[in-house]
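1. need coordinates for the following:
(2 chains)
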Amino acid sequence: MLNLSSFVQKAQQLLDPTQGLNLTDSDKNPSKASLFQSQFRLPDSQHPLYEITAELTIPPSNVTQGGKDQDRGFHYAGKLHLSEAYLCFSTTPSSFLQSASTSTSSAFTGQTHGGGPSGNGFTFPLSSIRRVERLHSQNFQFALAITTWNGISQDAPKENKDRKEVREQRITIQLAGTRVACERFCDGLKKGLRAAVGNVGKLKKVIGECYSEYLLRPEEQKSASPPDAGLGMIFRYPGDPKKLRDRAKMRLWAEYLRDNGRNVTLIRQPTFHKLIRVGLPNRLRGEIWELTSGSVYLRLENPTLYADTLAKHSGKESLAIDEIEKDLNRSLPEYPGFQSEEGIGRLRRVLTAYSWVNTDVGYCQAMNIVVAALLIYMSEAQAFFLLSTLCDRLVPGYYSTTMYGTLLDQKVFESLVERTMPILWEHLVKCDVQLSVVSLPWFLSLYINSMPLVFAFRVLDVFFVEGPKVLFQVGLAILRINGEELLDATDDGAFISVLKNYFARLDESAHPKSENPKLRAVTRFQELMVVAFKEFSGITHSTITELRLKNKDTVLNNIESFAKRTAIRNLGPESKLLSTDELGAVYDRFYGVLYERQQRDLIIKQEEARRAKSNRISRIGQMVDEGNVEKGRVGLGPSTSLMDYDAFREFLAGIAKWAVSDSPTQSRRDTGSSNGGGFYNSFRKNESSMSPWGNGPEPADHEFLRRLFRKWDFDSSSALTLQNVVTGLARIKGKRDIMGTINYFFELHDDDGDGKVDREGILRMSEALLFLSRRGLEGALDRATAPNGMMTEGMVTPGNDVPDQSINERFLGSVSAFIRRCFEYADPDHPNNQNSQQPAQQQTASRQEDNLIAIDDDDAAQGLADPDAFAIGDDDDDFDEENDDDLLAMDSPTASPRPAKRESDTATSSLQPPSSLHLDPSTAPSSISNNDEDHRRRVSRQQSEKANIALDPNNPLHITLPTFRMVVLADELLEQFFESSFPCSFHLVEGINMSSGNSSNAGSSSYGVGGLGSTFSNIGFFGGGAGGNNQQGAGAGRGLRGVLDNIVTDGMRVAAEVRRRMEDAQRELEKNALPGQQRPGGANRGGGDDEDDDEDDGGPVEGLSLGGNGNGSGGAGGSALEDRRGGVRSSDRDLLTGADAEASDPTAEAQLQQGSSGGGEASGNGGGVTSKVVGVEFDG
Amino acid sequence: MADTNAPKPSSSVKLVLLGEAAVGKSSLVLRFVNNDFQENKEPTIGAAFLTQKCNLPTRTIKFEIWDTAGQERFASLAPMYYRNAQAALVVYDLTKPTSLIKAKHWVAELQRQASPGIVIALVGNKLDLTSDSAGSAEVSGDGDDTAEDSGDARKISTEEAKTYAEEEGLLFFETSAKTGHNVTEVFTAIANAIPETSLKSARGPGASHAGVSRTEEQRVNLNGPRDANAKEGCAC
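-> Numbering: from 1, shown residues only, chains lettered A, B, ... in the order given. Predicted structure coming up:
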C-alpha cells in the first residue's frame, strides 16, 4: 500500500506541473531505504528488512586488559537491523520501519564528538558471520551468540591447528521484543545467512586486500608480501612518521583490531572514533577510509568491477580520457609518487575506469587531486570504489557537469557563516568579498590542496566517518580562528592571503607565547580540529541536509539560467533569425519536454515494476528508492539533451496546433471497424493518469512530422539536439521569406535531393498542406475579418459570414488546384509514355466509386450550416447515382472541391482530371453557386477519363522546384500560406493552449478533405461525419467531425497511407472539459513549490548550541581507554592523552573564551584548547 | 596596500582570465607574476588568485588576477569570478581551433554579463609552437596550409583572430607564456586601456565613495536569491 501511495503522490506531482518539479519527492521525504543506507553506509542494494531493539554484549574474553567491566564485558543498547546481506547494530536509536517518522530514521546526526554517523556498533556482511547460536537467557527471550569469520583470510589449515592462538570473535546479542518479532527477525536472519554462504569466497578475496589482515598475522606468517596500502609503501607516506607518531598509532590500532575485529568484522566502540580523531596510521589509513565510508561494501558486492571495467574499455577513447591525460602530470606533483610512471599509471587507470562506470560525471578537475591523495594510502581498486562513494554519497554533485553540488554546498556554507559568525559575514558583505571564491576549492578538493597534505588527511580521516558536515565544520573553524585578521581584510586579495598564511603555519604552535609548555605544544591544526568539532558540534548532518534542501532550488535555477543563457548564445548563426524570446521559449520547451518525458517514463516504469512485484515485503522501499535517481533537470547535469521522434512530436504539439492529434490513440486502433464508436472512447482513455503524453495533448503522427524530423536531424542521428531544433525552426520561421519557405517545403519532400519531386511526392505535399491547415490557417491572410490572424468564423447559422468561413474551403480548393496544376506542369520522366494506358484505369476507377464523395448539391445551405456537409462517407445513400463517377467532389456552396479517389486492389489509379475543377476556388471563391453544380459534374465526368495519366505508374513524372514555386505562387491562398500561415503556425513563445484555443478552432476545421491520391480506404472513420449530413439542424450545433482517409497506391505497390481527421469544436470542448486535461501554458518549472507537505522530521537547527553537551559515551570511552592502558607502551600514553585532549571530555570543559569575531553565541570558542590543558594535567 | 614608495597614484584593477582548458591561462599569469614557466602546472581548481603591479608612466596599476579553471563544467562558476572585474583576458590556443570558438563564447558572455566598460583582451597563446614564433606581428592568413610541413602547429591565423577582435573592440595579442613573448605587453596594454574613471572606483583602502555605494547596492540582495541583479548565473 505504501508504495502505491507514494506512486500516487508522484503521479499527482506530474499532473500539477507547478509542483514538485524542482524538489523531488525523494528530496523532501527521503526513503527509509536511503536513510538506512546512508546510516550504515551500505550499497543501494540494501534495504531495511527487519529491525529490533537489542543489547550488544562484547564478552570479556574479547577484552585483553582488565578493567572495571572485566566481568561483564561491554554492553551497548541499541537497534539491530537486518538487510538483504547485512546485519547492523547501532547505538543510535534510529528506526527504518515504514511506519517510523522521518526524524527517527534520519538520526544520522551523531555529534562529531560522539559516536559518528552510526554510533557504536557494527556492520557485518552476513557472509562474514560464521555461526549464530541461540543462547538461553533469563532476561531476554532471545539471545544470540554470533561468531564471525574474523581472520578468515589466514591460511585455513594453520588456523585450525592453532585454534587456541586465534581468538574467535564472538559477541552476544539479546533481542528485546515480542516473541513473534524476535522469531521473525531470526527467520530473516536465517534466510539471509543461508543466502550469504555463497559469498564467503568473495569476502575472503576482498579482505585479503586489507592491510589489517597482514598486520594481525603472527610474525612467522608475515613472509608473504603485504597487501597494497598505497603508493606510500613505495614512495613513503607524506609527513614525518616520527612526528606523526605513526608507530604508536599502529600499535594502538593493532590492539583495537585484535579486540574488536578487523575490517568488515570490526565493532565500533568509542575508542574507535577517538583513534580516528587523532589521525590514522599510514598503513591502515586506506583500509579505515574504505570501511568508514562504506566503499568496502561496494567492493564486496562486485570485487572485480575495477579490473573488469578497465579490461572492457581497454584501448577506447573518450573526451574524459583526453581531459584526464591533460591533468595526470599535474596532480599532487610535489609527491614523488606522482613524478613516477607507477603513480601516474595508477592515477590514470582509476580515473579512466571511473569515467567509464559513471559517464555522467566522466572526469572533473579536482578529481585528479582527490584520487591522487587516495592512492597514496590505498590500492587502485580501493580508490576506485572510494571515488564512487564520494561522487554518489559523500559529496554528490560536486563533480557533475554542472557542479551543482559544489555550488549548493557553497550556498550552504555561506548561510552557516552568516548564522554562526554574523559579524564576519557582515564584514564580508560590506567589503564585497565573495566567500565562495575562497572556500570553493576547500570543498571541491576536500582541503587536499588547500592545507599541507598531512593535515588534509587528518580532515579526511574524520570526513569519511562522519560525512560531509565535517567539511563545513572545518571551514567554519578556519574562519572563526582567523576571524580577527579577516575582519581587517577589505578585499579578496587580503582575505585570501590571510588564509594562505594560516594554512602554511598549521604545524606551528597555536599559543607560542604561552607559559604553559603543554599549551605551547598544541599546534594550530589541533586547535582547528577542536574548534571545528567542539564549537561547531551543532552542525549536524541534518543541518546540512536541511540547508541543502532549502537552497537547492535557487542554485539549480541559477545554473539553469546560466546554462540557458550560454546555450542560447552559443547556438549557431542561424539562431539569430529568431528573437531572444523565441529562443528562450524554444530552449524551455525543448528541455521541458525532455524532462517531463523522463519523469513520466520513471513513473510508468515504477508502476510496471510495482505490478511485477509479487514479493511485497522485500520490495518495500525499493520503489521509492528508485525515485532517488533524480535526473532530467538541466541543473543536475547531463541527462539527455537529445530529442527522439516522439519527444519531437510532443514538442511540436506544444507549439503548433496542427501537430496535435485529432483523436488520441485508442480510436486510431479502431480505425475502420467501428464507426464513430472508437472516437468517443478515445476521450475517456485520457482519464487514466498514465497517458504516455502526460497531461498535454496527444501529438499527431503524420508523415509530415516524420519528414520534418528527418530534415532537422541533419546528421542523421535519429535524435535532435537543441541546435537542430533551433536551426530547423529558424529556417521556417526566421526568414519570413516566402521563397525560402517554399524551397524548404519542396526540399522537405524531395527525398533524394535531386531537385525533383515525383508523383507520389506531389500527393504527399498536398496531404501535408491539408494536414497543416486542418485546424485552420493562421497568419496574415487577406481577410480583414480574420482577427488575430486566426480563423474564427462562426459556422452556426446558415449563410452566416460567407466570406470568412470560406477561407478554409478556399484553401482546400487551392490544394486541389495545386495538385491539378502540378500534374499539368509536371515534367514527364519519359516523354514517350505520356499517352498510354488510360482506359483500363478509368474503368477500375469508376467502378469503385461508391459514395465516397459526399456531394451536397441538394442542400447548399446546409453546407454552410453544417460542417458535416463536407464529410465524406460510404454510408450516404442519398447520393445520386451519377455521383459515383465523380472522382472529385465539389461542395458547391463553399466551393471546396474535394479530390477524392479510391483505388481498387488492382492497384490501378485514377486521378481527377484537372479540368474537373473548373472552378478555381482561389480566384472565385464565393462566386460559386448551385447553378454550377450540374455543369461541373458533367464536365468532371467527361474529363475523368483523362485523369489517369497523371497517376499512371507507367508515366512517371516529376515537378521541379521552379515548377513548384510557380504553382504555389499562382494561387493567392497558397502564397499566403507559405508567406505567413505556415511560419506563423509555430507559436514558440506563447505556445498553444488547447483549451482556450477551442474557440478559434471551432469552425475553422470544418471542411472535409477529399482524397488526393487514388483511393480511399478506412471509410469507417467516417460514420460520425456522414451522420451529420442527415441531421442538419442538430448537426449545426454539434459541429463537424470529418475524418478522411486515403490510401494512395501506385500501380505496382501499395503506397503511402494518408489519414486525416478533423475534429469539431464541440468535441474539443468536451475533451477539454475532462478533468486533468488542462494543458499548462508551457513547461512551467519555475519556483512555486508551495506544497504544504513540509517535513515533519523536526531536525530544526536551533542555532548552534555549543559545548557542554558532548556525547557521554566519549567520557566513558575515555575512561575505558585509561583502564586499558596497561597493554600499551608508556610512550603511547601521550598520544592517547592527546586523543583525550582533542576529544576534550565535556566534563573537563571549564573555561570558555569568548571568540572575538563571533556573536554572543560563540561561548564555546577556545574551550577545547582550555580543556585540553585540563585533560593533560589530569593525566600528567 | 597603496604603494607608498612611488609618488605615482596607485590603483588596483580586478582582472579575470577565461578560456578553454589547457590553453595556458595559468602559465600566462605565472609568466607575468613570477616570470617563470612550469611544464606541469596543477590544474586550477575553481580559481587562483595572484597579484602583480604594473608600472605605467603616470600611475601604478596593481592587478588582482583571478585565474579561472578552464574545464567546461567550471564555466558555471565563472560569473562569481568575473563579477566586478574591470579587465578580462580571454585566452585561446593558436594551435586549437575549438579554443577560439570557446573564447568567442566567453567574449559574448562578458559583453553581456560582466560590468559594463570591462576591458577585454583576446590572447592567442602558444606562439612558440608556430613557425613565426620569432614574433612577427603580421602573419599570412594561410598558416594552415603549411602547418604540417614546416612544423607550424598554428591553426588559427592572426588575421582571423584580429578581424574578430576588431569587430568586437577587443585588444588583441599573440603570446607565448613559454618564451615570455608579448606577455607583459598584454598586461601593460590592459593597464593603459583602463579608463581613469573606472580606476577611481577601484577597491582597496582608498576606494572612493562612489565605488562603495555601488557595491553596497549590489550586496543588498546577497542573502536572498542573487539573480535579481545581472549576475544571475552566479549561484554562489
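
2. can you tell me the centre-most residue of chain B?
-> Taking Cα atoms, centre = their mean as the criterion, B:Leu89 is the residue nearest the geometric centre of chain B, at 1.4 Å.

3. ok, that one - contacts?
-> B:15-19, B:25, B:28, B:120-121, B:123, B:186, B:190 (Cβ atoms under 8 Å, 6 or more residues apart in numbering or on different chains). (Glycine included, C-beta is placed from N, CA and C.)

4. which of these lies closest to chain A?
-> B:Val16 (10.9 Å; Cβ to the nearest Cβ).

5. quick one: the closest one is in a strand?
-> Yes. Counting by DSSP: H, G, I helix; E, B strand; the rest coil, B:Val16 is found in a strand.

6. so it sits right up against B:Tyr81, yeah?
-> Yes. Counting by Cβ atoms under 8 Å, B:Val16 does reach B:Tyr81; the two are 5.3 Å apart.

7. helix or strand with the lowest mean pLDDT in chain A?
-> None of the helices or strands of chain A scores lower by mean pLDDT, DSSP states H and E than strand A:1043-1047, at a mean of 31.

8. top helix in chain B by residue count?
-> helix B:97-113 (DSSP state H).

9. can you tell me if that helix touches chain A.
-> Yes. For helix B:97-113 and chain A, the contact criterion (Cβ under 8 Å from any Cβ of the partner chain) is met by B:105, B:108-109, B:112-113.

10. may I see the ChimeraX selection of the buried members of these?
-> Applied in ChimeraX, the following selects the buried portion of the residues of helix B:97-113 next to chain A according to 16 or more other Cβ atoms under 10 Å in any protein chain shown:
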select /B:105,109,113
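
11. confirm that A:Glu809 sits in a strand.
-> No. A:Glu809 sits outside any strand when classified using three-state DSSP, being helix.

12. quick one: it from chain B, how far?
-> 50 Å (Cβ to the nearest Cβ, to the nearest Å).

13. thinking again about what came up before, intersection of neighbour lists for B:Val16 and B:Tyr81?
-> By Cβ under 8 Å, 6+ apart, B:Val16 and B:Tyr81 have these common neighbours: B:66, B:68.

14. coming back round to it: can you list the buried residues in the longest helix of chain B?
-> B:99-100, B:102-107, B:109-111, B:113.

15. and it, what does it pack onto?
-> Judged by 3 or more Cβ pairs under 8 Å, 6 or more residues apart in numbering or on different chains; DSSP states H and E, the packing partners of helix B:97-113 are helix A:541-569, strand B:10-19, helix B:78-82, strand B:87-93, strand B:119-125, helix B:158-168.

16. so how far is it off the chain centroid?
-> 12 Å (Cα atoms, centre = their mean, to the nearest Å).

17. what does it rub up against?
-> So helix B:97-113 is contacted by A:565-566, A:569-570, B:18-20, B:23, B:78-79, B:82, B:88, B:90-93, B:118, B:120, B:122, B:124, B:155-156, B:160-161, B:164, B:168, B:170, B:230-231, B:233 (Cβ under 8 Å, 6+ apart).

18. per-residue pLDDT of the residue of chain A found nearest chain B, please?
-> Taking Cβ to the nearest Cβ, chain B has its nearest neighbour within chain A at A:Phe562, 3.1 Å off. For A:Phe562, the pLDDT comes out at 83.

19. right, and it touches B:Ser76 too?
-> Yes. With contacts counted by Cβ under 8 Å, A:Phe562 reaches B:Ser76, the gap being 5.2 Å.

20. that older thread, return the alpha-carbon coordinates of the longest helix of chain B using CSV.
-> Below are the C-alpha coordinates for helix B:97-113, written out as CSV (Å, rounded to 0.1, in the frame of the first residue of the first chain):
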residue,chain,number,x,y,z
PRO,B,97,40.5,26.0,-33.4
THR,B,98,38.0,24.9,-30.8
SER,B,99,39.6,27.1,-28.3
LEU,B,100,38.9,30.2,-30.3
ILE,B,101,35.2,29.3,-30.5
LYS,B,102,35.2,28.9,-26.8
ALA,B,103,37.0,32.3,-26.5
LYS,B,104,34.3,33.9,-28.6
HIS,B,105,31.7,32.4,-26.3
TRP,B,106,33.5,34.0,-23.3
VAL,B,107,33.7,37.3,-25.0
ALA,B,108,30.0,37.2,-25.7
GLU,B,109,29.3,36.2,-22.1
LEU,B,110,31.4,39.0,-20.7
GLN,B,111,29.9,41.6,-23.0
ARG,B,112,26.5,40.7,-21.8
GLN,B,113,27.0,39.8,-18.2
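
21. before we move on, back to that, mind putting the buried residues of helix B:97-113 in a markdown table, pLDDT included?
-> As requested, the buried residues of helix B:97-113 are arranged in a markdown table below (pLDDT from 0 to 100):
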| residue | pLDDT |
| --- | --- |
| B:Ser99 | 94 |
| B:Leu100 | 95 |
| B:Lys102 | 92 |
| B:Ala103 | 94 |
| B:Lys104 | 93 |
| B:His105 | 90 |
| B:Trp106 | 93 |
| B:Val107 | 94 |
| B:Glu109 | 89 |
| B:Leu110 | 93 |
| B:Gln111 | 91 |
| B:Gln113 | 87 |
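
22. present the residues you listed as JSON lines; the columns should include distance to A:Pro227.
-> As requested, the buried residues of helix B:97-113 are exported to JSON lines (distance: Cβ to Cβ, whole Å):
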{"residue": "B:Ser99", "distance to A:Pro227": "45"}
{"residue": "B:Leu100", "distance to A:Pro227": "50"}
{"residue": "B:Lys102", "distance to A:Pro227": "45"}
{"residue": "B:Ala103", "distance to A:Pro227": "49"}
{"residue": "B:Lys104", "distance to A:Pro227": "52"}
{"residue": "B:His105", "distance to A:Pro227": "49"}
{"residue": "B:Trp106", "distance to A:Pro227": "48"}
{"residue": "B:Val107", "distance to A:Pro227": "53"}
{"residue": "B:Glu109", "distance to A:Pro227": "50"}
{"residue": "B:Leu110", "distance to A:Pro227": "52"}
{"residue": "B:Gln111", "distance to A:Pro227": "57"}
{"residue": "B:Gln113", "distance to A:Pro227": "52"}
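
23. tell me how many other residues crowd A:Pro573.
-> 8 (other Cβ atoms under 10 Å in any protein chain shown).

24. and for A:Asp754?
-> A:Asp754, neighbours per other Cβ under 10 Å, totals 10.

25. how about A:Glu975?
-> As a burial measure, A:Glu975 scores 17 neighbours (other Cβ under 10 Å).

26. out of everything not next to it in sequence, what's closest to it?
-> A:Leu969 (5.5 Å; Cβ to Cβ, 6 or more residues apart in numbering or on different chains).

27. make sure A:Gly78 is indeed in a strand.
-> Yes. Counting by three-state DSSP, A:Gly78 is part of a strand.

28. does it touch A:Cys88 like I think?
-> No. Taking contacts as Cβ under 8 Å, A:Gly78 lies outside contact range of A:Cys88: 9.8 Å.

29. pLDDT weak spots in the stretch 601-750 of chain A?
-> A:613-640, A:662-696, A:735-736 (pLDDT under 70).

30. winner for burial among the helices and strands packed on helix B:97-113?
-> Among the helices and strands packed on helix B:97-113, the stretch with the highest mean neighbour count (mean count of other Cβ atoms under 10 Å in any protein chain shown) is strand B:87-93, at a mean of 28.

31. quick one, it and helix B:158-168 angle?
-> 150 degrees (axes from the mean of the first three to the mean of the last three Cα atoms, to 10 degrees).

32. what's near enough to touch A:Leu80?
-> By Cβ under 8 Å, 6+ apart, the neighbours of A:Leu80 are A:51-54, A:56, A:87-89, A:173, A:175, A:185.

33. mind putting those in a markdown table, pLDDT included?
-> Shown next, in a markdown table, are the contacts of A:Leu80 (pLDDT from 0 to 100):
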| residue | pLDDT |
| --- | --- |
| A:Glu51 | 89 |
| A:Ile52 | 90 |
| A:Thr53 | 90 |
| A:Ala54 | 90 |
| A:Leu56 | 89 |
| A:Leu87 | 93 |
| A:Cys88 | 91 |
| A:Phe89 | 90 |
| A:Ile173 | 88 |
| A:Leu175 | 87 |
| A:Phe185 | 91 |
